[in-house]
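Participant: I would like to see how this sequence folds:
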Amino acid sequence: MSEVWLIIKEQIANIRTIFRLSRYEEKATYQSHYLGLLWQILNPAIQIGIYYLVFGLGVNGKNLIDGVPFFAWMLIGMTAWFFINSSMLGGSNSIYRQVNVVSKMKFPLSILPTTNMVSNLSTFWPMTAITIIVLAIFGKYPTIYWTQLIYYFFCMIVLLFAFGVLNSTITVLVRDYHIMLQSVLRLLFYVSGTIWNIENRNLPVWLVKILKLNPFYYIIDGFRDGYLSKGWFWEKGTYGLIFWGMTLIILLVGCHLHLKFRSKFVDLV
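Facilitator: A predicted model of the protein is given here:
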């Protein structure tokens with residue numbers, strides 16, 4: 001547990017550096033594009049449009065899910081998933097991609113996955129605003145249940161931080177891991193409830209229970225619970241304990257591996 005606290009202290013001590021690097025990363029990514037940072041909104045918007053044409057109009061038609069049209073229901077999940085997917089992939093490659101440069105700097109490598117995650121918030125917040133506007137159009141306004149969105153956002157940040165430390169370390173050790181992670185995330189996209197309501201797909205009860213153990217499903221479904229006023233997070237006590245148990249294990253393993261191999265990163269690359 002001492003290793004976890006050490007990594008967390010590094011994040012706190014370098015919080016200003018994290019935000020500076022994240023802003024630089026945003027500008028560097030889109031500086032050669034005519035539309036610049038506008039692509040942070042256009043890219044997810046285009047993908048959402050495609051998925052809606054296929055799964056909304058093509059599969060679900062005009063059916064309501066949890067009292068709202070499919071588009072609004074899907075948008076909640078997609079907003080969370082875009083942030084999760086980009087943070088997982090970007091965080092995984094963050095140290096490998098910059099290790100030769102940052103090895104000469106005066107900040108710890110552990111902040112690089114966090115920097116990538118903070119950078120992705122520039123897309124998450126505008127998408128969240130759009131989601132709220134769309135929900136208002138369909139008659140879903142803020143209620144007391146929306147306060148638990150803070151809890152689920154915290155869950156998402158902690159889980160992605162844990163995965164960021166773990167994945168970025170393994171990617172340096174085993175380069176194929178990043179490619180494998182891309183394939184795994186494609187699968188998780190469909191089984192995490194992003195565009196499918198797994199409870200209404202006539203799946204076996206035992207399979208639904210297994211799919212609900214997925215920590216990403218816990219987060220995405222939690223956001224829907226908040227936005228659509230379906231229930232409180234403590235009503236999912238068992239799944240909440242499982243989520244935090246899995247997150248803690250990932251964090252412990254990730255921090256241990258990171259500190260064990262950090263001094264060898266430059267040589268391994």
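Participant: list the buried residues of stretch 128-144.
Facilitator: Along stretch 128-144, these residues count as buried under the neighbour rule (16 or more other CB atoms under 10 Å): 128, 130-132, 134-135, 140. Bear in mind the C-beta positions are built from the backbone N, C-alpha and C, glycine included.
Participant: inside helices: which ones of these?
Facilitator: Members of the buried residues of stretch 128-144 lying in helices (criterion: DSSP state H): 128, 130-132, 134-135.
Participant: nearest to residue 244 among the buried residues of stretch 128-144?
Facilitator: residue 128 (23.5 Å; CB to CB).
Participant: hang on, that closest one packs against residue 79?
Facilitator: Yes: with contact defined as CB atoms under 8 Å, residue 128 reaches residue 79; the gap is 5.9 Å.
Participant: what strand or helix carries the residue nearest to the spatial centre of the chain?
Facilitator: Using CA atoms, centre = their mean, the residue of the chain that lies closest to the mean C-alpha position is residue 84, 1.7 Å off. Taking DSSP states H and E as the definition, residue 84 sits inside helix 70-102.
Participant: what mean pLDDT does that helix have?
Facilitator: For helix 70-102, mean pLDDT is 86.
Participant: what of stretch 262-269?
Facilitator: The average pLDDT within stretch 262-269 is 70.
Participant: quick one, strands of the protein?
Facilitator: 64-65, 68-69 (DSSP state E).
Participant: residue 252 is nearest to which of those strands?
Facilitator: Of all these, strand 64-65 comes closest under CB to CB, at 37.0 Å.
Participant: for the closest one, the averaged confidence score.
Facilitator: The model assigns strand 64-65 a mean pLDDT of 76.
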